[in-house]
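Participant: Got a sequence here, can you build the structure:
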Amino acid sequence: MNKILKISEQDNVGVALCNLVSGEIIELSGAQIEVSQNIEIKHKIALQQFSPGDIIVMYGVPVGEVVLPIGRGDALTIENIKHRAADYKYKGTTYNYNLPDITSLKNKTFMGYHREDGQVGTANYWLFVPLVFCQNRNLKVLKEAFETELGYKQENPYKLQLRQMLSGDSDAVVNAEVINEQVFKNVDGIKFLAHEGGCGGTRDDAQALVNLLAGYIKNPNVAGATVLSLGCQHAQMSLLEEALVKLNPQKPVLYFEQQQFSSEKDMLQEIVSKTYPELEKANSMERKSAGLDKLNIGLECGGSDGFSGITANPLIGYIADKITAVGGRAMLSEFPELCGVEQDLIDRCQNREMADKFINLMETYNTQAQKVGSGFDMNPSPGNIKDGLITDAIKSAGAATKAGRAPISGILDYTEYPVKSGLHLLCTPGNDVESTTGLAGSGANLILFSTGLGTPTGNPVCPVIKISSNSALPKKMKDIIDFDAGKLISEEADLENLSEDLLNLIIEIASGKTLTCAHKLGQDDFIPWKRGVSL
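Facilitator: Sure, this is the predicted structure:
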């Protein structure tokens, strides 16, 4: 097994594939390198001598600038390099792309819920949507009623553990999860999108929230929605109705405004009486065969490590290329994690208008971050840095590999809903949950999520498949990982064969035959992105 990896021919640093010991001699492409200090697995080793001002290159692009002398065989650290990204501009060059072999995919199908607007869901949910935070208590009351009586409420095993301990059993342990019998077999769940917005922020924030909620109602995994409003908030019901007219979801939406009722009790009773018949209708839907062109996969990473950009992310990118090649859709989010790879993405845009929109979104976002004392260069988290992602450009260069190599079909601002097939870039924060929330709001019916450090992140309406970048994580946190991409290193697995295994899992989950770990944990994370200030 190789001890270091040089990702691109142009690179002047390598990635440690195992712990390197000071004084040992390692080989790379026939050349010998003496390791000058202990270097932890996933961290970067200098393949040449560097002086201050020199540029560090990984993935074939600039990812850092040297600030202290670095010897050949030394480790790269936050002390001896700093963030540095390449300049970029629209060049108008022709992008050449060879489609992957999709012969084996043409006859593959999944079993999904076919919607009237042509979309196909990988699940069938009913939504309860509050337009403002002061409906959250009503939402909680309805959640308890619907989930308990219709069989969706998961028993809390820790209540039983405490009960046993109160009775004197100090060795009580958590028993296996108890699954209740669902009343509606074809309704996968009832989801409640509690949030803290809708009033008190800017009008732009209210509009963005309404657009996001409209996108959730439009999402192919949703059968319909019950909307709760107070009446006086910024996020008016009329704004949601206007947003839905534009999206034309062609599904039932029920509206209830509390200030139009004489009591809270009257409103809640009417909500129950009007929603129940719609659930019966949603239950009449059955899964039917659909081609992989009906998949809209979100591409996400969180808790990334030094292997994410060489295992899980490229594997996801390989899948994305195949899905878009058969006519499906893929969406890459997290714009702060595209800093340093802008030129490659610009070159892949189909026209100047698209490239200009991407550049404008990136620069506006970064400028706003700088105004509050931050910026894209401050994106890597302490966990990222500890595991070798020591500049934002290093992190971004690896993160962007989730998008594969397909040309870009569309640039989407936050809450925009794609209308074409192919690869899209979606402007969201790098925050895991804000990003996955945005992906589902733009129609993702399944999310591929790479992680190296581990995160339980899920979504209320969209299955989130957690893909590990290293083989240690699935053993350490086995209840949150669905697939091990670390086998590309630990077992020297073949990329094509591993992609087939992942694709088969995707089809199983899209067909409702297998549940994701996040689903089993009840991980329904939903955080709208608030771009403005509070007033």
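
Participant: For the protein, give me the ranges with low pLDDT.
Facilitator: 174-179, 532-535 (pLDDT under 70).

Participant: Look up the closest residue to Lys420, ignoring the ones flanking it.
Facilitator: Distance criterion Cβ to Cβ, 6 or more residues apart in numbering; nearest residue to Lys420, sequence neighbours excluded, is Ser409 at 5.0 Å. Just so you know, the C-beta spots here come from the backbone N, C-alpha and C atoms, and that holds for glycine as well.

Participant: Next, the contact list for Leu503, please.
Facilitator: Leu105, Lys108, Ile319, Lys322 (Cβ atoms under 8 Å, 6 or more residues apart in numbering).

Participant: mind listing which of those residues are in helices?
Facilitator: Ile319, Lys322 (DSSP state H).

Participant: Just the closest of the contacts of Leu503 to Val21, please.
Facilitator: Using Cβ to Cβ, Ile319 is the member of those that lies nearest Val21, at 36.4 Å.

Participant: Neighbours of the closest one, how many?
Facilitator: 24 (other Cβ atoms under 10 Å).

Participant: Trp126 now?
Facilitator: Neighbourhood size, Trp126 [other Cβ under 10 Å]: 25.

Participant: Just read off the phi/psi values of it.
Facilitator: Trp126 adopts backbone torsions of phi -110, psi 140, taken as degrees, to the nearest 10.

Participant: helix/strand/coil for the nearest residue to it once chain neighbours are set aside?
Facilitator: Of all residues not flanking Trp126 in the chain, Ile190 sits nearest, at 4.9 Å (Cβ to Cβ, 6+ apart). Of the three states, Ile190 takes strand under DSSP: H, G, I helix; E, B strand; the rest coil.

Participant: what's the answer for Gln154, then?
Facilitator: coil.

Participant: residue ranges for the helices of the stretch 401-535 of the chain, please.
Facilitator: 432-441, 473-476, 487-490, 495-510, 517-520 (DSSP state H, counting those that start in this stretch).

Participant: Quickly compare those helices and say which is most buried.
Facilitator: The highest average neighbour count among the helices of the stretch 401-535 of the chain, using mean count of other Cβ atoms under 10 Å, belongs to helix 432-441 at a mean of 26.

Participant: how far is that helix from where the chain is centred?
Facilitator: Chain-centre distance of helix 432-441: 6 Å, with Cα atoms, centre = their mean, to the nearest Å.

Participant: same check, this time on stretch 405-418
Facilitator: 15 Å.

Participant: first vs last residue of it, how far apart are they?
Facilitator: Chord length of stretch 405-418, first to last residue, is 19 Å (Cα to Cα, to the nearest Å).

Participant: cool, and stretch 300-316?
Facilitator: One end of stretch 300-316 to the other measures 9 Å (Cα to Cα).

Participant: Same check on stretch 124-134?
Facilitator: In stretch 124-134, first residue to last residue: 27 Å (Cα to Cα).

Participant: still on that earlier bit, and which of the contacts of Leu503 is nearest to Ala243?
Facilitator: Proximity of the contacts of Leu503 to Ala243 (Cβ to Cβ) peaks at Ile319, which lies at 31.3 Å.

Participant: what's near enough to touch the closest one?
Facilitator: Ile297, Gly404, Leu448, Ser499, Leu502, Leu503, Ile506.

Participant: Now do the same for the first one: helix, strand or coil?
Facilitator: Going back to what we said before, that points to Ile297. Ile297 - assigned by three-state DSSP - is strand.

Participant: how deep is it tucked in, by neighbour count?
Facilitator: 27.

Participant: thought it was touching Val326?
Facilitator: No. With contact defined as Cβ atoms under 8 Å, Ile297 does not reach Val326; the gap is 11.8 Å.

Participant: returning to that earlier point: widest-spaced pair of the contacts of Leu503?
Facilitator: Greatest spatial distance among the contacts of Leu503 (Cβ to Cβ): Lys108 and Ile319, at 12.3 Å.
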